[in-house]
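**Student:** What follows is a predicted structure for the sequence shown.
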Amino acid sequence: MIGREKRMLLRHYLKEGLSKSEISRRLDISRDTIHRLIRTGQLDRDLDVEPVRYTPRPPVPTKLEPYRALIVARLVAYPRLSAVRLLEEVRAAGYTGGYTQVKEFVRTVRPREAPEPVVRFETPAGHQAQVDFGEFKFPWGKRYALVVVLGFSRLLWLRFFERQDMRTLFQGLEEAFAFFGGVPRELLFDQMKAVITKDLRLLGGQLVINEEFLRFAAHWGFKARACRPYRAQTKGKVERPISYIRDNFVYGREFIGDEHLDAERERWQERTANVRVHATTRERPRERFEREERHVLQTLAERPYRSLILLPKKAAPAPAPQLAAAATAEMQVERRPLAAYAAVAAGAA
């Protein structure tokens, strides 16, 4: 059976008076088929009875075509890599196209899981920030990520530490306040008790520990709150910052020591985390912060907090002083010939 288009052309050529041999040549069908169509009356029926069928257009090559295999290979090794990360990698390999092509291709080769439902709510500018600790394992050792995220703008501060303890918490929060240029009125802690009692349980119990932390909070002018009444409600505000760091920054990357980790952390924080379009606010955290939040944060304290419990870190022992021969007083020895000593000995006898 020939298709609709050829039947239309066949009827047109017959009306034009072309010979059946010429029609057979033009349409690449046999003369017997032409005679059969005429004899059975198939050319006289309404061609609009059948729906029009179009063949799919052949795919048009895009700029992403040479890099699709790279994206697939990376997703096989690291299935949760984001389209933003993959865009960086294919651009490093020479891709000159846009983000949309990468995003659409990633969506087709990696099905998305249904997002976990959360109850979202917002806080005013400058009112609240969330504090989280996360544990990460690297080839050279375990490190703890301390992350502080402003609840309104979603501006993020991050740093990795060797320990998860009170001293680290105090140091990290003070660095975060300096990064923000001010202090929010509330800090929301996930598992707050576990964080601030890690290394102080032998110093007199929870009462002493809480008093120390409250002194720190009073010094900087914020109130501490735990994630209550339930996790989904409080977590829905900043979208699980540790998971975001784990999936978007650490996952699929290789780091060479703490210095390299810290340099990449700072670059990612400034070029990705704080300038991306946030999924909830639909704004870039840095722009939202500068426009609406920076000026309403509380002013910084005049000096860092001086702990009444934590002893200052011991300074590294100074190298032992080297004995300098030039600085030592030299003993002058008078040198005489042996004959002089023999004469002295003879006189004494």
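**Tutor:** Received it, and whenever you're ready, just let me know what you need. Numbers count the residues shown, from 1 in each chain.

**Student:** So what sits opposite Lys223 in the bridge?
**Tutor:** Glu186 (DSSP bridges).

**Student:** Please save the CA atoms from the helix or strand hosting Arg7 in CSV.
**Tutor:** Here Arg7 is covered by helix 4-16, with elements defined by DSSP states H and E. Taking C-alpha atoms only, helix 4-16 is exported to CSV below (Å, rounded to 0.1, in the frame of the first residue of the first chain):
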residue,chain,number,x,y,z
ARG,A,4,-1.2,9.3,1.2
GLU,A,5,1.3,11.7,-0.5
LYS,A,6,2.0,9.3,-3.4
ARG,A,7,-1.7,8.7,-4.0
MET,A,8,-2.3,12.5,-4.2
LEU,A,9,0.6,12.9,-6.6
LEU,A,10,-0.6,9.9,-8.7
ARG,A,11,-4.1,11.4,-9.0
HIS,A,12,-2.6,14.8,-9.9
TYR,A,13,-0.3,13.3,-12.6
LEU,A,14,-3.2,11.4,-14.1
LYS,A,15,-5.2,14.6,-14.4
GLU,A,16,-2.3,16.3,-16.0
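
**Student:** Just the buried positions in that helix, please.
**Tutor:** Under the neighbour-count criterion of 16 or more other CB atoms under 10 Å, helix 4-16 has Lys6, Arg7, Leu10, Arg11, Tyr13, Leu14 buried. (C-beta placed from N, C-alpha, C; glycine too.)

**Student:** Closest to Val84 out of those?
**Tutor:** The shortest approach to Val84 among the buried residues of helix 4-16 belongs to Lys6, at 50.0 Å (CB to CB).

**Student:** per-residue pLDDT, that closest one?
**Tutor:** Lys6 is assigned 79 on the pLDDT scale.

**Student:** other SSEs contacting the helix holding Arg7?
**Tutor:** helix 20-27, helix 31-40 (3 or more CB pairs under 8 Å, 6 or more residues apart in numbering; DSSP states H and E).

**Student:** Turn the ones you listed into JSON lines, columns for mean neighbour count.
**Tutor:** As requested, those are arranged in JSON lines below (neighbours: other CB atoms under 10 Å):
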{"stretch": "helix 20-27", "mean neighbour count": "14"}
{"stretch": "helix 31-40", "mean neighbour count": "13"}
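
**Student:** Tell me which of the ones you listed sits nearest to Val72.
**Tutor:** Set against Val72 and scored by CB to CB, the helices and strands packed on helix 4-16 come closest in helix 20-27, at 43.1 Å.

**Student:** wait, isn't Arg286 in contact with Val275?
**Tutor:** Yes. Between Arg286 and Val275 there is a contact under CB atoms under 8 Å: 5.5 Å.

**Student:** Need the helices and strands packed on helix 4-16 in CSV (columns: mean pLDDT and distance to Leu187).
**Tutor:** Below are the helices and strands packed on helix 4-16 laid out as CSV (pLDDT from 0 to 100; distance: least, CB to CB, whole Å):
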stretch, mean pLDDT, distance to Leu187
helix 20-27, 85, 80
helix 31-40, 83, 83
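
**Student:** Just tell me which of these ends up closest to Gln269.
**Tutor:** Closest among those, once you apply CB to CB, is helix 20-27, at 67.1 Å.

**Student:** which stretches of the stretch 101-250 of the chain form strands?
**Tutor:** Taking DSSP state E, counting those that start in this stretch as the criterion, the stretch 101-250 of the chain carries its strands at 128-138, 141-150, 156-161, 186-189, 223-226.

**Student:** Export those as a markdown table, with columns for mean pLDDT.
**Tutor:** Listed next are these as a markdown table, based on pLDDT from 0 to 100:
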| stretch | mean pLDDT |
| --- | --- |
| strand 128-138 | 91 |
| strand 141-150 | 93 |
| strand 156-161 | 95 |
| strand 186-189 | 86 |
| strand 223-226 | 81 |
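
**Student:** Phe138: which of the buried residues of helix 4-16 is nearest?
**Tutor:** Nearest to Phe138 among those, counting by CB to CB, is Lys6 at 67.5 Å.

**Student:** Now do the buried residues in stretch 291-302.
**Tutor:** Residues of stretch 291-302 classed as buried: Glu293, Arg294, Leu297, Leu300 (neighbour count, 16+ other CB under 10 Å).

**Student:** I should have written stretch 62-77 there, sorry.
**Tutor:** Result for stretch 62-77 [16+ other CB under 10 Å]: buried residues Leu64, Tyr67, Ile71, Arg74, Leu75.

**Student:** Relative to Asp262, which of those residues is nearest.
**Tutor:** Distances from Asp262 to the buried residues of stretch 62-77, taken by CB to CB, are shortest for Arg74, at 24.7 Å.

**Student:** how far away is Glu212 from His127?
**Tutor:** 25 Å (CB to CB, to the nearest Å).

**Student:** With neighbour numbers in mind, choose between the two.
**Tutor:** It is Glu212, of Glu212 and His127, that has more neighbours when counted by other CB atoms under 10 Å, with 21 against 16.
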